[in-house]
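Trainee: I would like the atomic coordinates for the input below:
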Amino acid sequence: MLHGWGETEADMIAFVPSLPNELSYASVRAPYVNGRRYDWFAAGRAFEETTRWFEHWLDTVAPAGRRVVLVGFSAGAAFAGGLLLVHPDRYVGAAMLCGTLPFDAGVATPAGRLVGTDVFLAHRIDDAMIPHELLDRAWMYLTQDSGARAYAVRYEGGHGVSPAMLNDLARWLSEVASPTDRPDT
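Mentor: Numbering: from 1, shown residues only. All right, here's what the predicted structure looks like:
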């Protein structure tokens, strides 16, 4: 679970009581401090550096073969989407809540990159935090060009996780993070 800009791991772990009990959760604090805020992206730091940091941590808590689904909110959604694009074979999928992809971080978005990968994409209609052109660009890529099995919903309201979004996320996690193997097609 990857928090938004200026938040901490506690903000994401607060959602766990609404999510499936049979799953294990880890909420991670972003590595960069910007004033008193934590961030996944830092000026002068390459996306690959943060990716290596995260995947090193992940390897210590989730050994190879462990099914991992990324769940990110806002900037955490952008980081989750970037991780998925860089190593789609490492993750079962990603839930991107009120976020976009890290288009400016140099992460490639080729057609078909996420074939066989599950993506939960949740946007809010009146989101004033993320530019709509970035939200729309991520929506188009993830629902069409990427090849992902995308479950994409636009909810009423502004930037934030709604109860309806959380309910849909719980259902989606139950389906994709189940310990039983799913077909890749």
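
Trainee: going forward, measure contacts between C-alpha atoms and count neighbours the same way
Mentor: Fine.

Trainee: tell me which residues in the helix or strand harbouring Glu49 are buried?
Mentor: Assigned by DSSP states H and E, Glu49 belongs to helix 47-61. Across helix 47-61, burial judged by 16 or more other C-alpha atoms under 10 Å covers Phe47, Thr50, Thr51, Phe54, Glu55.

Trainee: low-confidence stretches in this structure?
Mentor: Residue ranges of the chain with pLDDT under 70: 179-185.

Trainee: on that earlier part again, please identify which of the buried residues of helix 47-61 is nearest to Met140.
Mentor: Among these, Phe47 lies closest to Met140 (C-alpha to C-alpha), at 22.4 Å.

Trainee: right, and the closest one touches Pro31 too?
Mentor: No. Counting by C-alpha atoms under 8 Å, Phe47 does not reach Pro31; the two are 11.9 Å apart.

Trainee: which residue ranges of this structure form strands?
Mentor: Taking DSSP state E, the strands of the chain run over residues 32-34, 37-39, 69-73, 93-97, 118-124, 149-155.

Trainee: now the nearest residue to Ile13 once chain neighbours are set aside: how far from Gly147?
Mentor: Nearest residue to Ile13, sequence neighbours excluded (C-alpha to C-alpha, 6 or more residues apart in numbering): Ser27, at 5.8 Å. In this view, Ser27 and Gly147 are 28 Å apart by C-alpha to C-alpha, to the nearest Å.

Trainee: just Met165 next, same as before
Mentor: From Met165 across to Gly147, the span is 23 Å (C-alpha to C-alpha).

Trainee: cool, Pro63 as well?
Mentor: 27 Å.

Trainee: with Val115 instead?
Mentor: 4 Å.

Trainee: mind checking which of the two has more residues around it?
Mentor: Gly147 (18 against 15; other C-alpha atoms under 10 Å).

Trainee: got the contact list for the more buried one?
Mentor: Gly147 makes contact with Ala111, Gly112, Arg113, Leu114, Val115, Gly116, Thr117, according to C-alpha atoms under 8 Å, 6 or more residues apart in numbering.

Trainee: cool, Ser27 as well?
Mentor: Met1, Leu2, His3, Glu9, Ala10, Met12, Ile13.

Trainee: could I get those as TSV with distance to Tyr151 and neighbour count?
Mentor: Listed next are the contacts of Ser27 as TSV, based on distance: C-alpha to C-alpha, whole Å; neighbours: other C-alpha atoms under 10 Å:
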residue	distance to Tyr151	neighbour count
Met1	18	24
Leu2	19	28
His3	21	28
Glu9	25	17
Ala10	26	13
Met12	21	22
Ile13	22	16
